[in-house]
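Trainee: Based on what follows, work out the 3D shape:
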Amino acid sequence: MKPITAALPVANWIFRGSILIYLILVYYEKIIEVNFRSFTDVLFFVYVLSALLLFIGGFLSKPTLSIISGILIFLCTAYFMVTDLPNDFTRPQILAFLIYFWPAAVGLYFTGSGN
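Mentor: Predicted coordinates for the structure are as follows:
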């Protein structure tokens with residue numbers, strides 16, 4: 001069976017839009033008031049800003065903005081994965097931890113593919 005190549009641009013835009021909406025909804029409370037008092041606050045801001053730049057990068061013909069945004073999303077997600085690693089591996093904590101894999105995968109995807 002051949003892949004449906006026409007669905008790839010649609011999937012790219014779904015990735016871009018969903019990561020932007022997800023990060024805004026999750027971190028809205030933390031970024032609504034710009035507060036750069038701690039390193040984590042700066043990372044939350046960079047995280048959401050890079051998702052916005054990834055979305056904007058889809059409109060540009062050069063893939064550089066998408067690649068840089070993908071790297072930032074992946075690195076921020078990796079940092080949050082390491083800092084939020086559960087102490088005891090119970091099922092609810094593992095499920096809450098697994099949500100980090102989706103933004104990391106999207107960031108790594110756009111790092112490797114560009115636009």
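Trainee: Looking at the protein, which helix is longest?
Mentor: In the chain, taking DSSP state H as the definition, the longest helix is helix 7-31.
Trainee: tally of neighbours for residue 74?
Mentor: Neighbourhood size, residue 74 [other Cβ atoms under 10 Å]: 20. C-beta coordinates here come from the backbone N, C-alpha and C atoms, glycine included.
Trainee: if I look at residue 103, how far off is residue 33?
Mentor: Distance of residue 103 to residue 33, given as Cβ to Cβ, to the nearest Å: 23 Å.
Trainee: no wait, residue 88
Mentor: Per Cβ to Cβ, residue 88 is found 34 Å from residue 33.
Trainee: And the longest helix of the chain, what does it pack against?
Mentor: Under the contact criterion of 3 or more Cβ pairs under 8 Å, 6 or more residues apart in numbering; DSSP states H and E, helix 7-31 touches helix 39-57, helix 101-113.
Trainee: and of the ones you listed, who's closest to residue 25?
Mentor: Residue 25 sits nearest to helix 39-57 of all the helices and strands packed on helix 7-31, at 10.2 Å, using Cβ to Cβ.
Trainee: Buried residues, whichever helix or strand comes after the closest one. List them.
Mentor: Proceeding N to C from helix 39-57, the next assigned helix or strand is helix 64-83, under DSSP states H and E. For helix 64-83, burial by neighbour count (16 or more other Cβ atoms under 10 Å) applies to 65-70, 72-77, 80-81.
Trainee: What's the first helix or strand after helix 64-83?
Mentor: Next along the chain after helix 64-83, taking DSSP H and E as the criterion, comes helix 91-98.
Trainee: Could you list the alpha-carbon positions for that next one in CSV?
Mentor: Extracted in CSV, the C-alpha atoms of helix 91-98 (Å, rounded to 0.1, in the frame of the first residue of the first chain):
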residue,chain,number,x,y,z
ARG,A,91,0.6,4.2,37.3
PRO,A,92,-0.8,7.8,37.6
GLN,A,93,2.6,9.3,37.9
ILE,A,94,3.9,7.4,34.9
LEU,A,95,0.9,8.5,32.8
ALA,A,96,1.4,12.1,33.9
PHE,A,97,5.1,11.8,32.9
LEU,A,98,4.3,10.3,29.5
